[in-house]
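Asker: Here is my input; please provide its structure:
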Amino acid sequence: YFAVGKLGEATDTLDGEGNVTSTQPYDDSTLQRMEALLPQFTGNIMQVPPMYSALHKDGKRLYELARQGVEVEREARQVSIERLRLVDDRGVGSHEAPLSL
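Answerer: Predicted structure coming up:
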């Protein structure tokens, strides 16, 4: 998998498609701190799926329910992440942090 995170932004959908709900300043040290934290997200971890996901609940995808303003209980599930690394530093001002999973 390949993902691009936007530094300094949070959205209501936890992805790049949602509305920005908050912004924070960042600098070069943000990328260094992020890279240092990546190992704690590898291995077997428990993850509660976000409402904006393609998983089903009672025959409907969670993202469909979320778009209707409905939030349902989701069970944490074990996921395994073998490797997580920062692929490229696009520099301050780009807001992007490409990750390889």
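Asker: Leaving out chain neighbours, which residue sits closest to L7?
Answerer: Here the nearest residue to L7 in space, its sequence neighbours aside, is Y26; by C-beta to C-beta, 6 or more residues apart in numbering that works out to 4.7 Å. For every residue, glycine as well, the C-beta is placed using N, CA and C.
Asker: host element of the residue nearest to I45 when sequence neighbours are not counted?
Answerer: The shortest distance from I45 to any non-neighbouring residue, by C-beta to C-beta, 6+ apart, is to V79 (6.0 Å). For V79, the host element (DSSP states H and E) is strand 77-81.
Asker: contacting residues around that strand?
Answerer: Around strand 77-81, the neighbours that count as contacts under C-beta atoms under 8 Å, 6 or more residues apart in numbering are F41, T42, G43, N44, I45, M46, Q47, V48, P49, L101.
Asker: tell me which of those is nearest to V72?
Answerer: Within the contacts of strand 77-81, distances to V72 taken as C-beta to C-beta reach their minimum at P49, with 10.4 Å.
Asker: Save the contacts of strand 77-81 as TSV, and put in pLDDT and distance to F2 too.
Answerer: As requested, these are arranged in TSV below (pLDDT from 0 to 100; distance: C-beta to C-beta, whole Å):
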residue	pLDDT	distance to F2
F41	85	16
T42	89	16
G43	92	20
N44	93	21
I45	88	19
M46	91	23
Q47	90	18
V48	93	23
P49	92	20
L101	57	7
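Asker: Extract the CA atoms of the lengthiest helix in the chain and return them as CSV.
Answerer: The residue-count maximum for a helix in the chain (DSSP state H) belongs to helix 28-37. C-alpha atoms of helix 28-37 as CSV (Å, rounded to 0.1, in the frame of the first residue of the first chain):
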residue,chain,number,x,y,z
ASP,A,28,11.2,20.0,9.3
SER,A,29,11.3,18.6,12.8
THR,A,30,7.7,17.3,12.4
LEU,A,31,8.9,14.9,9.7
GLN,A,32,11.8,13.8,11.9
ARG,A,33,9.4,13.2,14.9
MET,A,34,7.0,11.4,12.6
GLU,A,35,9.6,9.1,11.2
ALA,A,36,10.8,8.2,14.8
LEU,A,37,7.2,7.3,15.8
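Asker: No more questions from me, cheers.
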